[in-house]
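[1] one predicted model, sequence on top.
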Amino acid sequence: MRAWHLVPAGDVYRIEQTNRPVPAPGPGRVILQVRAASLNYRDQIILRKLAGRDATGRVPLSDGAGEVAAVGPGVTRVKVGDRVAGCFFQSWLGGRFEMRHHQQDLGGTIDGMLCEYADLSAEGVVPIPSYLSFEEAACLPCAGLTAWYSLMNRGRMQPGDSVLVLGTGGVSIFALQLAVAQGCPVYVTSKSDAKLDRCRTLGATHTVNYQTFPDWDREIWKLSQQRGVDHVVEVGGPGTLGQSLGCIAPGGHIALIGVLTGFGPPQSSLFPLVGRNANISGIYVGSRADFEALNQFLEVRQIHPVIDRAFSFGDAPAAYDYVATGDHFGKVVIRM
Ligand SMILES: NC(=O)c1ccc[n+]([C@@H]2O[C@H](COP(=O)([O-])OP(=O)(O)OC[C@H]3O[C@@H](n4cnc5c(N)ncnc54)[C@H](OP(=O)(O)O)[C@@H]3O)[C@@H](O)[C@H]2O)c1
């Protein structure tokens with residue numbers, strides 16, 4: 001089968017196409033014929049070694065969806081032909097996170113989805129919503145689930161809560177869609193007025209260009225009638241956390257998700273958390289149980305993930321380059 005894998009290239013990696021045998025399913029395993037995969041900023045982190053992680057020889061990408069091509073002995077959860085997606089953490093089925101799950105993350109410690117056939121744990125797949133294409137379903141395992149887990153599980157988002165999403169990448173656009181579906185006013189920041197216009201068509205109520213307004217937290221504060229927002233989908237990290245704290249409502253919830261501004265310490269005081277009796281949660285994707293809950297919600301609400309562009313399997317390097325530009329809106333996928 002065809003697969004891409006990570007090959008050292010100086011201080012970073014590049015992806016290189018290779019041939020591998022089609023895997024045979026062992027006990028408790030399933031072979032997924034991958035029909036589509038999607039990229040996340042995490043794949044840039046791994047490619048550029050921003051987290052210093054050794055992934056030599058690894059098949060990249062956590063996110064993929066397809067059809068079960070074969071099942072190993074003892075597998076009863078799924079059968080050949082089922083439409084499923086892989087779980088980012090193959091072993092986190094539900095409950096509290098445990099450190100051992102870090103050894104079971106697709107496209108990181110174990111092989112991921114940028115290949116024609118993926119060898120997965122039968123426990124580590126979930127049926128995909130029936131109304132979604134494979135391309136759309138391939139957007140769910142990391143970006144979709146992270147947005148869901150942040151807002152619905154850890155944030156307990158209620159209809160009418162206000163939600164701020166930073167930027168218009170995969171996680172943020174999912175969060176916007178989920179919040180709109182839940183009847184929540186949504187605030188969005190972006191460097192692009194055109195992207196902000198698109199957010200309004202998706203239901204965003206307030207938008208701020210963070211380049212035009214570098215003090216965007218003050219704008220959010222003003223737009224919220226000096227009340228602040230109930231939830232922040234914090235994908236920026238150390239460079240944006242101070243401003244997220246500047247516009248969180250008393251008792252509000254910040255889902256600390258991303259590292260778009262790096263991995264360093266926060267560039268401002270954390271004291272507003274205290275002064276506002278606010279909450280902050282460290283988020284790492286979510287469990288299989290959360291993924292199943294997301295899919296139930298999607299079946300009812302019929303939300304379609306926003307795909308900016310689809311690339312062919314052979315064009316995977318171009319897909320990586322495109323995500324690196326930050327020009328995309330929502331998700332970038334690869335079709336098999
Ligand atoms: N902890 C987890 O479980 C988890 C899961 C998924 C993702 N993440 C992290 O969350 C972040 C987003 O991931 P993603 O895959 O959604 O990324 P993505 O699709 O690549 O989104 C990138 C977008 O973020 C926006 N952005 C960049 N720098 C920004 C800044 N300083 N302030 C505000 N917006 C900024 C830009 O949108 P505009 O063009 O609109 O400005 C950019 O296009 C990454 O750091 C990723 O590693 C973490």
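    Received it, and whenever you're ready, just let me know what you need. Treat the numbers as computed from the prediction; the structure is a model and nothing was measured. Numbering: from 1, shown residues only.

[2] C-alpha only now, for contacts and for neighbours.
    Will do.

[3] and the host helix or strand of residue 33, how far out from the chain's middle?
    Here residue 33 sits within strand 29-39, counting by DSSP states H and E. Chain-centre distance of strand 29-39: 17 Å, with CA atoms, centre = their mean, to the nearest Å.

[4] which element follows that strand toward the C-terminus?
    Scanning forward in sequence from strand 29-39 by DSSP H and E, the next helix or strand is helix 41-47.

[5] can you read off the pLDDT for the residue in the stretch 51-200 of the chain that the ligand sits nearest to?
    When you check the stretch 51-200 of the chain against the ligand by CA to the nearest ligand atom, the closest residue turns out to be residue 169, at 3.2 Å. If you check residue 169, the pLDDT there is 98.

[6] so what touches the strand holding residue 33?
    Contact with strand 29-39 is made by 23-25, 61-73, 75, 113-122, 134-135, 138-139, 319-320, 323, 331-336, as judged by CA atoms under 8 Å, 6 or more residues apart in numbering.

[7] which residues does the spatially most central residue of the chain contact?
    Residue closest to the mean C-alpha point of the chain, counted by CA atoms, centre = their mean, is residue 143 at 1.7 Å. Going by CA under 8 Å, 6+ apart, residue 143 touches 40, 170, 171, 174, 285.

[8] do that again at 10 Å, thanks
    The contact partners of residue 143, taken as CA atoms under 10 Å, 6 or more residues apart in numbering, are 38-41, 63, 169-175, 285, 305, 330-331.

[9] circling back to that earlier point, pLDDT (mean, whole number) over the strand holding residue 33?
    Mean predicted lDDT for strand 29-39 stands at 98.

[10] the residue of the stretch 51-200 of the chain closest to the ligand: neighbour count?
    Residue 169 has 24 neighbouring residues, counting by other CA atoms under 10 Å.

[11] hang on, it packs against residue 305?
    No: in this structure residue 169 lies outside contact range of residue 305 using CA atoms under 10 Å: 11.7 Å.

[12] got any residues that touch both of the two?
    143, 330, 331.

[13] check contacts around the last one.
    The neighbours of residue 331, taking CA under 10 Å, 6+ apart as the test, are 38-40, 135-136, 138-140, 143, 168-171, 173-174, 305-310, 323.

[14] restricted to strands, list these.
    Counted as lying in strands by DSSP state E, out of those, are 38, 39, 307, 308, 309, 310.

[15] buried set for the longest helix seen in the chain?
    Longest helix of the chain, by residue count under DSSP state H: helix 288-301. Neighbour counts using 16 or more other CA atoms under 10 Å place 288, 290, 291, 292, 293, 294, 295, 297, 298 of helix 288-301 among the buried residues.

[16] from residue 4, how far off is the spatially closest residue to the first one that is not a sequence neighbour?
    Residue nearest to residue 288 in three dimensions, not counting chain neighbours: residue 93, with 4.6 Å by CA to CA, 6 or more residues apart in numbering. In this structure, residue 93 lies at 28 Å from residue 4, with CA to CA, to the nearest Å as the measure.

[17] of those two, who's got more company?
    For residue 93 versus residue 4, neighbours defined as other CA under 10 Å are more numerous around residue 4 (26 against 19).

[18] which residues of the stretch 1-150 of the chain lie near the ligand?
    40, 41, 42, 142, 143, 146 (CA under 6 Å from any ligand atom).

[19] returning to what we had before: in helices, which of the contacts of residue 143 fall?
    Secondary structure of the contacts of residue 143 is defined by DSSP H; positions in helices are 41, 170, 171, 172, 173, 174, 175.
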